[in-house]
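Asker: With the input below, show me the fold.
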Amino acid sequence: MDDPLRHHGDVEATPGLLDLAVNVYPDPRPAWLDDALRSSLDDVARYPDPSAATRAVAVHHGVDADRVLLTAGAAEAFSLVARRPWRRPVVVHPQFTEPHAALEQAGHEVAPVVLPRPFELEPSLVPDDADLVVVGNPTNPSGVLHPREALLALRRPGRLVVVDEAFMDTVPGEPASVLGSPGVLVVRSLTKHWSIPGVRAGYVVGDAPTVHDLARAQVPWSVSTTAIAAATVLATPEARAEADVRARRIGEWRDHLQKGLADLGVDHLPSSTAFVLARVGDGVHARLREAGIAVRRADTFPGLDRAWVRIAVRPPDVVDRLLTALVDL
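Answerer: Numbering: from 1, shown residues only. Take a look at the predicted model:
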């Protein structure tokens, strides 16, 4: 591959394979979400205006609208952050690699902090002179949910802490979220929990001056009319209730997967989200593909090697196909 940091699970889920590589909720979308997406086509003859959706997201989270910026998925948010003139940006690994890749693409030299297993955040490992710290919570691919207090301990004068909460909606009640805290920029994705990765919908919530600076660097009309419609409807009480149902269902499916791995003696980390990081052994990723099953290779995440794979949480009947394949292997 040209750049391991730009390797993502979607390239693993090739046609004909059972997909346990992509962390997208597998069940059908709610009818009200599909209705909103389809209705948005009535407005595509006009340039998109995110102001109403921005206000809806702000009300949803109980913050002022000038602290919210809609983005074309979380990936655009990381790109906007990377365009600022950082002196010493730090990315805490293992975690989603796109923030690191975006910083390098913008010409920055990234100082990685690679956590030892069990990959739990230790604020003292971050250099004091870091003016940007990026960390995931819950973390992709480890599934670790860092305590809110540990994340807030990263704050320093003159430092921006960016917390990737793309999977926070898979955690019932979101107790570890730092959204709304001063000195922190939270990045959220609307695509995974709602099965709309093609829509490219996300947003950031942070201090108003930081959000203003990011907005100035944003390409005009980067957030589409359809993404705006998604953000608006997903900020409603109805969506909040459905999100919690989905999060609890993911928890049940995850328990089944983790019990199955434990019964087989497969080394893995306890997860809090929609995937499980497992140490299945070198070569097993390729052999699973030969058996018709796609899991996400994990050696492209700094701090992990070819023995690790990330397994997306799926309903028990799908998970059982994976477990049977592991027995056969």
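
Asker: going forward, measure contacts and count neighbours with C-alpha atoms only.
Answerer: Fine.

Asker: do you know how far the residue lying closest to Val81 once chain neighbours are set aside is from Leu5?
Answerer: When the adjacent residues along the chain are set aside, Val81 lies closest to Leu214, with 6.7 Å between them (Cα to Cα, 6 or more residues apart in numbering). Note on Leu214: its distance to Leu5, by Cα to Cα, to the nearest Å, is 23 Å.

Asker: Just give me the neighbour total for Leu69.
Answerer: Close neighbours of Leu69, defined as other Cα atoms under 10 Å, add up to 26.

Asker: pretty sure it is in a strand, no?
Answerer: Yes: the secondary structure assignment for Leu69 places it in a strand, going by DSSP: H, G, I helix; E, B strand; the rest coil.

Asker: Report the next helix or strand after the longest helix along the chain in sequence order.
Answerer: Selection of the longest helix in the chain by residue count, based on DSSP state H, yields helix 237-263. Along the chain past helix 237-263, the next helix or strand (assigned with DSSP states H and E) turns out to be strand 267-268.

Asker: so where do the helices sit in the stretch 101-250 of the chain?
Answerer: For the stretch 101-250 of the chain, helices defined by DSSP state H, counting those that start in this stretch occupy the ranges 148-152, 208-217, 225-233, 237-263.

Asker: Tyr47 is nearest to which of the ones you listed?
Answerer: Ranking these by proximity to Tyr47 (Cα to Cα) places helix 225-233 first, at 7.7 Å.

Asker: on that earlier part again, taking the mean pLDDT, what do you get for the longest helix of the chain?
Answerer: The predicted model gives helix 237-263 an average pLDDT of 98.

Asker: Same question for stretch 174-190.
Answerer: With pLDDT averaged residue by residue, stretch 174-190 scores 98.

Asker: hmm, who's touching it?
Answerer: 61, 63, 73-74, 77, 137, 145-148, 151-152, 155, 159-168, 196, 200-207, 230-231, 234 (Cα atoms under 8 Å, 6 or more residues apart in numbering).

Asker: Please pick the buried ones from these.
Answerer: Neighbour-count burial (16 or more other Cα atoms under 10 Å) applied to the contacts of stretch 174-190 gives 63, 73-74, 77, 137, 145-147, 151-152, 155, 159-168, 196, 200-207, 230-231, 234.

Asker: taking those residues one by one, which sit in strands?
Answerer: Among the buried ones among the contacts of stretch 174-190, the subset assigned to strands under DSSP state E consists of 160-164, 202-205.

Asker: Adding pLDDT and distance to Gln258, write those out as a markdown table.
Answerer: Written out in a markdown table, the entries for these read as follows (pLDDT from 0 to 100; distance: Cα to Cα, whole Å):
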| residue | pLDDT | distance to Gln258 |
| --- | --- | --- |
| Leu160 | 98 | 35 |
| Val161 | 98 | 32 |
| Val162 | 98 | 30 |
| Val163 | 99 | 26 |
| Asp164 | 98 | 24 |
| Gly202 | 98 | 29 |
| Tyr203 | 98 | 31 |
| Val204 | 98 | 32 |
| Val205 | 98 | 33 |
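
Asker: for the residues you listed, which one is nearest Asp43?
Answerer: When these are compared against Asp43 (criterion: Cα to Cα), the nearest one is Gly202, at 19.7 Å.

Asker: beta partners for the closest one?
Answerer: When assigned by DSSP bridges, Gly202 has beta-bridge partners Thr71, Ser189.

Asker: That one is in contact with Leu70, isn't it?
Answerer: Yes: under the contact definition of Cα atoms under 8 Å, Gly202 touches Leu70, with a separation of 5.9 Å.

Asker: Phi, psi for Ser224 please.
Answerer: Listed backbone geometry of Ser224 is phi -70, psi 160, with angles given as degrees, to the nearest 10.

Asker: got the angle between the longest helix of the chain and helix 225-233?
Answerer: Helix 237-263 and helix 225-233 meet at an angle of 90 degrees, taking axes from the mean of the first three to the mean of the last three Cα atoms, to 10 degrees as the criterion.

Asker: Which elements pack onto helix 237-263?
Answerer: Under the contact definition 3 or more Cα pairs under 8 Å, 6 or more residues apart in numbering; DSSP states H and E, helix 237-263 sits against strand 267-268, strand 275-279, helix 316-328.

Asker: That one: which residues count as buried?
Answerer: For helix 237-263, a neighbour-count test (16+ other Cα under 10 Å) marks 239, 243-244, 246-247, 250-251, 253-258, 260-261 as buried.

Asker: Not counting sequence-adjacent ones, nearest residue to Val114?
Answerer: For Val114, the nearest residue in space outside its immediate sequence neighbours is His93; the separation is 4.6 Å by Cα to Cα, 6+ apart.

Asker: Oops, could you answer that again for Arg148 instead?
Answerer: Among residues not flanking Arg148 along the chain, Ala176 sits closest, at 4.7 Å (Cα to Cα, 6+ apart).
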